[in-house]
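[1] Here's my sequence, what's the structure:
(one chain, ligands or ions: 1)
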Amino acid sequence: MSEVDIDDPRRCQGIRDGRQCLQRALEGRTKCAVCQRSPEGAVRNFMLTKWRDRIQRLSCNDSVQSLRDEVGTLKMLLETALNRCQNDDDLYINSTQIANLAEKCERAVTSCAKLEKSSGMMLDKGAALQIAGNIVSIIGEFVKDPVIIDQIGEAIVERVLKVEFKED
Ligand SMILES: [Zn+2]
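    This is a model prediction of the structure:
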């Protein structure tokens, strides 16, 4: 395989590391042997997964996570306890247990919210939309098609608005 000039018409149309590949395309094809074997879709999915993982790692807060797990477990226990009750008598007999679970659940939810707030993990909607705006302008530096930028912007704002935000 040989590298070509950037404006050589036989230049491979594949994308590597975010740039157009520098190899010569195979005879009668639009891509070189390597890009031929790694279709853009696979590369794209790989990059998306890589970024999702990276962002998840950056936003991961262990104590918040373990509290969230606890909330999940308590909710499940509470649901199970309620489902076991077939009638008012069952409810009455199990009321102490149910009340205990409900109280624990509420406490865990409250500490979770406090912890998230104190660790700066919760944004208000204004800050989140500002970040969304920044993201769209970064995308605008790389994507030149205004229709695509518009669609990406719409999609990002729509997702941001679906997130739950702190009240104050
Ligand atoms: Zn290539």
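
[2] neighbours of Leu129, just the number please.
    Residues near Leu129, counting by other CB atoms under 10 Å, number 15. For glycine as for every other residue, the C-beta is placed from the backbone atoms N, C-alpha and C.

[3] my read: Ala108 touches Val71, true?
    Yes - with contacts counted by CB atoms under 8 Å, Ala108 reaches Val71, the gap being 4.7 Å.

[4] now for the helix or strand in which Leu91 is found, which elements pack on it?
    Using DSSP states H and E, Leu91 sits within helix 88-93. Helices and strands touching helix 88-93, by 3 or more CB pairs under 8 Å, 6 or more residues apart in numbering; DSSP states H and E: there are none.

[5] Off-centre distance for that helix?
    In terms of CA atoms, centre = their mean, to the nearest Å, the centre of helix 88-93 is found 43 Å from the chain centre.

[6] for that helix, what is the average pLDDT?
    What helix 88-93 shows for mean pLDDT is 86.

[7] following that helix, which helix or strand comes up?
    Assigned by DSSP H and E, the successor of helix 88-93 is helix 95-118.
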